[in-house]
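Asks: Provide a 3D model corresponding to the input given below.
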Amino acid sequence: LAALFVLATAAGAEDAAIASGLTAGERAWIAAHGEVVIALDDGNPPLNERQPGGGFAGISVDYVQLIAAKAGLHVRLVGATWNEALRRALAHEVDGIMSAKNTAERRAHLDFSVPYTETALAVATRRGFPAVARLADLAQARIALVRGTVRTPILRQQCPTATLIEVDTVQEAVGLVSAERADAFFDELPVVQHVLDRNLVGGLRIALLFFSEAGRQHLGIRNDWPELVAIIDKAIAAITPAEHRAIRMRWLPQIEGAAVQRDPGLDDGERAWLAGHPLVRVAVDKDWAPIEWRAEDGAMQGMASDYLERIGTMLGIRFEIDDEPSWQVQFGKLRTRQTDMAACLVDTPQRREFLAFTAPYIAFPIVIFAKDGTGYIHELGDLAGRTVAVQQDYAEEELLRHDHPELDLLRVESTRAGIQALHSGRAAAFVTCLPTASQRLLETGDQGVRVVGETPYSYRLSMAVRSDWPELRGILAKALAAIPPEERDAIRNRWVHLTWQPGFSLRSLWQAAAAASAVLALFLLWNQRLRREVRRRRLVEDSLRANQQHLEAARLEAERLSRQAEAANRTKSEFLASMSHEIRTPLNAVLGYAQMLGRDPALSAAQRGAVATINRSGEHLLALITDILEMSRIEAGRSTCDVEDFDLPALVEDLRSLFLLRARDKGLALTVAFAPGLPRYLRSDQRKLRQILVNLLANAVKFTVTGAIAIVVEHAAGQLRVAVRDSGPGIAPDELAGLFQPFVQVGPARGRAGGSGLGLAISRGFARTLGGELSATSGVGQGSTFTVTVPAAVVD
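Replies: Model (predicted):
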């Protein structure tokens with residue numbers, strides 16, 4: 001009955017990704033148990049299915065392989081029907097079961113891992129069947145589903161009057177719908193889509209995606225092995241977003257046109273409360289764009305409105321917006337419970353006297369606005385004794401009255417009134433939420449007011465419910481938690497996005513990027529000419545020493561050339577200082593606009609690719625400019641030391657952690673060796689030392705294909721010595737002389753690295769600035785060793 005498939009993984013704890021996070025008891029448990037046998041439904045594609053050539057494949061199989069590899073477990077899979085696999089797991093004939101749902105009945109025999117993935121449940125209907133927005137819309141329908149699963153109680157709860165037809169396989173369910181003996185069938189989305197695609201079933205479509213706890217995939221493990229559950233949970237926690245994404249892209253379909261329902265997981269008491277309260281009255285601010293406001297046609301707009309719409313659909317209740325135009329009046333109605341809740345409100349101690357708050361779901365900074373020409377305001381205390389506008393009954397008024405009594409607060413009714421107070425001179429500053437004031441300024445084209453300072457506060461907006469309705473607070477908290485991050489991002493991007501910037505286009509981005517590139521090319525050309533001029537001066541000075549008979553004439557010529565070179569260097573420095581601003585400023589603007597544009601959901605795939613290219617090119621240009629400026633400071637002798645006390649082992653371990661994942665991705669070992677008696681605290685320029693080591697480790701990881709990288713740390717006679725050794729291809733002896741020259745690449749870096757050739761030159765410059773040296777030894781096929789030695793006093 002059962003086919004066998006062995007997932008062989010490295011059993012040694014050293015090879016497992018989470019070995020360092022396991023306890024001694026957990027490592028001992030793994031060593032004591034030769035294999036773990038996991039049962040699965042081998043006819044449930046694409047979650048798990050038997051392969052024609054033997055073995056198993058599917059989403060859950062991929063996850064079990066990954067979990068086993070990370071934990072250092074040896075797992076064997078056995079296939080059966082779902083009911084047989086579940087029976088064997090409950091009887092402890094096997095050690096666990098895949099794709100299991102966590103139910104009270106099963107918890108008597110099994111412990112459950114945390115979810116390793118989540119999939120939607122799907123309703124498939126014949127084309128032409130009435131639209132299905134919620135499971136409740138199937139109240140009079142005939143629904144086919146596989147018997148013995150948690151999907152049966154979901155349907156009995158969501159549409160209790162529907163006729164349920166339980167079958168043994170999804171294929172049977174599809175056949176019933178195709179033959180019009182059932183109106184719909186209900187199963188996990190990957191399974192439904194796979195059956196429709198593989199069997200080329202025509203006339204059927206996926207009508208609804210239902211997200212709930214039932215869509216979360218767990219491993220059910222025999223409950224006398226708690227150690228195994230803990231090990232598996234740690235392995236699941238170690239799965240990276242990229243690994244999750246790779247598995248989902250391989251197996252899960254992209255569904256378009258289907259309605260989406262998310263189940264917040266309410267209990268019976270909460271569902272009963274909603275049944276008795278189908279209408280909830282909501283207080284909103286009619287003039288608080290982009291968070292919430294009333295449009296010209298009277299409809300509510302903004303982020304809060306989108307959240308209310310989604311939650312209303314999810315819960316099956318209606319939110320009634322109060323028509324009162326004044327927020328101050330509406331806030332009073334909240335106190336007297338003439339309205340039931342506010343969609344967006346900051347949680348403060350005073351408000352908690354009559355309101356109960358959910359966790360914040362929207363956040364924006366509170367900043368200081370003032371008229372153009374006002375200097376930067378470092379902190380709110382700088383406004384002591386001056387008039388500061390705040391919106392009446394908003395959170396910032398309460399915060400400033402409590403924390404800054406030295407401010408003279410001017411209460412205004414709206415964002416518009418606060419900006420007018422600045423223009424009229426009635427207020428020196430306006431403290432408010434960044435996006436609301438920014439949108440008002442953009443809509444009116446007002447360029448006379450700008451942000452002049454930050455505050456330690458932010459708008460962390462929650463839904464606020466009358467305090468005698470704690471049930472509704474809990475229900476809203478669950479509903480908010482059920483809205484996934486991608487939907488939250490879509491809501492934010494819909495209302496806080498680039499369309500507020502007039503005249504912006506992708507073409508203008510390319511033009512700006514091209515202009516910045518042209519300026520940078522001129523800058524590099526000039527810099528190279530200046531370098532040649534300096535070299536010429538040095539040649540002339542050498543010639544003077546060798547030709548004493550022309551001493552006087554040559555001296556005069558040398559002085560002339562020296563003056564020219566010094567003038568050129570001064571011009572170069574002025575040019576660099578100017579370019580640091582003139583290139584960075586538009587380039588940062590380009591990158592900023594590109595990042596904002598990249599969040600626009602209306603972009604096509606090709607346009608997104610173009611924006612991504614702009615971002616990568618801009619970041620490369622910024623890094624290159626920074627390196628050139630640093631090299632110029634070193635050449636001009638203007639690089640200085642910033643000496644401080646620092647923790648040497650912590651610095652080295654931090655650098656190892658920074659490069660460990662990159663090394664592991666290439667299959668490289670990265671080790672650290674501390675000399676005996678190494679002092680912990682030293683005094684030197686930690687920033688420059690860190691930059692040197694970052695450059696050396698980055699080069700080692702980049703050019704080492706196989707083997708290992710070692711960091712060796714020593715301290716003796718007041719000198720810190722750090723060596724970075726790699727097993728890379730090495731460098732020929734005749735190329736070592738040019739290794740630290742600016743804009744020079746040697747060995748494997750030539751034509752392959754894509755860098756500027758400045759990293760090692762800057763690193764040696766830093767070492768010499770610190771009074772030390774950076775050297776290298778290498779040989780072709782023998783790897784390389786880079787050693788930095790700098791003075792560093794021991795700190796007691």
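
Asks: So E26 versus W225, what's the distance?
Replies: Per CB to CB, to the nearest Å, E26 is found 11 Å from W225. Bear in mind the C-beta positions are built from the backbone N, C-alpha and C, glycine included.

Asks: Is the spatially closest residue to A761 that is not a sequence neighbour in a helix, a strand, or coil?
Replies: Nearest non-adjacent residue to A761, counting by CB to CB, 6 or more residues apart in numbering: P742, 4.3 Å away. Secondary structure assignment for P742 (DSSP: H, G, I helix; E, B strand; the rest coil): coil.

Asks: How many residues are close by P742?
Replies: 21 (other CB atoms under 10 Å).

Asks: repeat for G609
Replies: 11.

Asks: what mean pLDDT does the helix or strand containing it have?
Replies: Using DSSP states H and E, G609 falls within helix 605-635. Computed over helix 605-635, the mean pLDDT rounds to 68.

Asks: Against which helices or strands is the helix or strand following it packed?
Replies: Using DSSP H and E, the helix or strand that directly follows helix 605-635 along the chain is strand 644-647. Using 3 or more CB pairs under 8 Å, 6 or more residues apart in numbering; DSSP states H and E as the contact test, the elements touching strand 644-647 are strand 681-684.

Asks: So in that sheet, which strands flank the strand it packs on, and in what orientation?
Replies: According to DSSP bridges, strand 681-684 forms sheet pairs with strand 644-647 (antiparallel), strand 793-794 (antiparallel).

Asks: Redo those strands as a markdown table? Include mean neighbour count.
Replies: A markdown table is the format used below for the strands paired with strand 681-684 (neighbours: other CB atoms under 10 Å):
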| stretch | mean neighbour count |
| --- | --- |
| strand 644-647 | 14 |
| strand 793-794 | 13 |
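
Asks: Neighbours of E533, how many?
Replies: 16.

Asks: any idea of the mean pLDDT in the host helix or strand of it?
Replies: According to DSSP H and E, E533 maps onto helix 506-546. Helix 506-546 comes out with an average pLDDT of 61.

Asks: now stretch 245-264
Replies: For stretch 245-264, mean pLDDT rounds to 74.

Asks: can you give me the end-to-end distance of it?
Replies: Distance across stretch 245-264, first residue to last, is 24 Å (CA to CA, to the nearest Å).

Asks: If you count neighbours, what's buried in it?
Replies: For stretch 245-264, burial by neighbour count (16 or more other CB atoms under 10 Å) applies to I247, W251, L252, A258, A259, V260, Q261, R262, D263, P264.

Asks: Next, the first one: phi, psi?
Replies: Translated: I247. Dihedral angles of I247 (phi, psi; degrees, to the nearest 10) stand at phi -70, psi -40.

Asks: show me what contacts it?
Replies: By CB atoms under 8 Å, 6 or more residues apart in numbering, the contact set of I247 is I59, D62, Y63, L66, T117.

Asks: rerun that using 10 Å as the cut-off
Replies: G58, I59, S60, V61, D62, Y63, Q65, L66, Y116, T117, I239 (CB atoms under 10 Å, 6 or more residues apart in numbering).

Asks: Can I have the buried ones of the residues you listed as a ChimeraX selection?
Replies: The buried subset of those, as determined by 16+ other CB under 10 Å, is captured in ChimeraX by this line:
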select :58,59,60,61,62,63,65,66,116,117,239
